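Undergrad: here is my input; please provide its structure:
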Amino acid sequence: MQASGVTLFVDIFKSNKEVINAFPKLNPNITSSGMKYPKDKAINEAFQEHGMKVMARVDEVLHNLDQLNLCVSLIRQTGAYHRRFQGFKPKYFKHFEEPFLVMVKNSLGKRYTPQMEVVYQAIANFLIQTLIEGYNGDKNSVDF
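TA: Next comes the predicted model:
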């Protein structure tokens, strides 16, 4: 799970340089060929830990999709948490979609069908919209 989380963030940071600035403690050196871990071991570990936390939250949400109120609460808390990162903008959550879908496709391999793509696209949209709502403090915008 940690490797998937790190890969997810490397992909986000590679294609969206402005997002890196919102995470100065993580600030890896990302090139077109991938991430070069900083010499500072603490930064490297912080980057990996953040990837692990994100994947743990995604996993928690996916395992509880039958409890919509819980999922919405968890995702909104995560969105609100990002207010503490100076320079973070809610539009950055949208950069999660493509790397997330690539990660799912790679994880599922041959089990990734066109139907699964539709399902995970809907999940990605739900995650992103709810993260933005949490960031913006919108408590009543999802109808159940």
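
Undergrad: what's the burial count for the spatially closest residue to Lys89 that is not a sequence neighbour?
TA: Spatial nearest neighbour of Lys89, excluding adjacent residues (CB to CB, 6 or more residues apart in numbering): Ala22 at 7.5 Å. Bear in mind the C-beta positions are built from the backbone N, C-alpha and C, glycine included. Number of residues near Ala22 (other CB atoms under 10 Å) recorded here: 15.

Undergrad: Ala22 falls within a helix, correct?
TA: No: counting by DSSP: H, G, I helix; E, B strand; the rest coil, Ala22 is not part of a helix but coil.

Undergrad: give me phi/psi at it?
TA: Ala22 adopts backbone torsions of phi -80, psi -10, taken as degrees, to the nearest 10.

Undergrad: same thing with Gln86?
TA: Dihedral angles (degrees, to the nearest 10) for Gln86: phi -60, psi 130.

Undergrad: and the gap between Leu127 and Phe9?
TA: Going from Leu127 to Phe9 by CB to CB, to the nearest Å gives 15 Å.

Undergrad: and the helices in the chain?
TA: 2-15, 17-20, 41-63, 68-81, 97-108, 114-136 (DSSP state H).

Undergrad: contacting residues around the closest residue to Val54 other than its chain neighbours?
TA: Closest residue to Val54 apart from its sequence neighbours, by CB to CB, 6+ apart: Gly5 at 5.1 Å. By CB atoms under 8 Å, 6 or more residues apart in numbering, Gly5 lies in contact with 48, 50-55.

Undergrad: name the nearest residue to Asp11, sequence neighbours excluded.
TA: Nearest non-adjacent residue to Asp11, counting by CB to CB, 6+ apart: Pro99, 3.7 Å away.

Undergrad: that neighbour: how many residues sit nearby?
TA: Residues lying near Pro99 (other CB under 10 Å) number 21.

Undergrad: give the contact list for it.
TA: With contact taken as CB under 8 Å, 6+ apart, Pro99 is in contact with 7-9, 11-12, 15.
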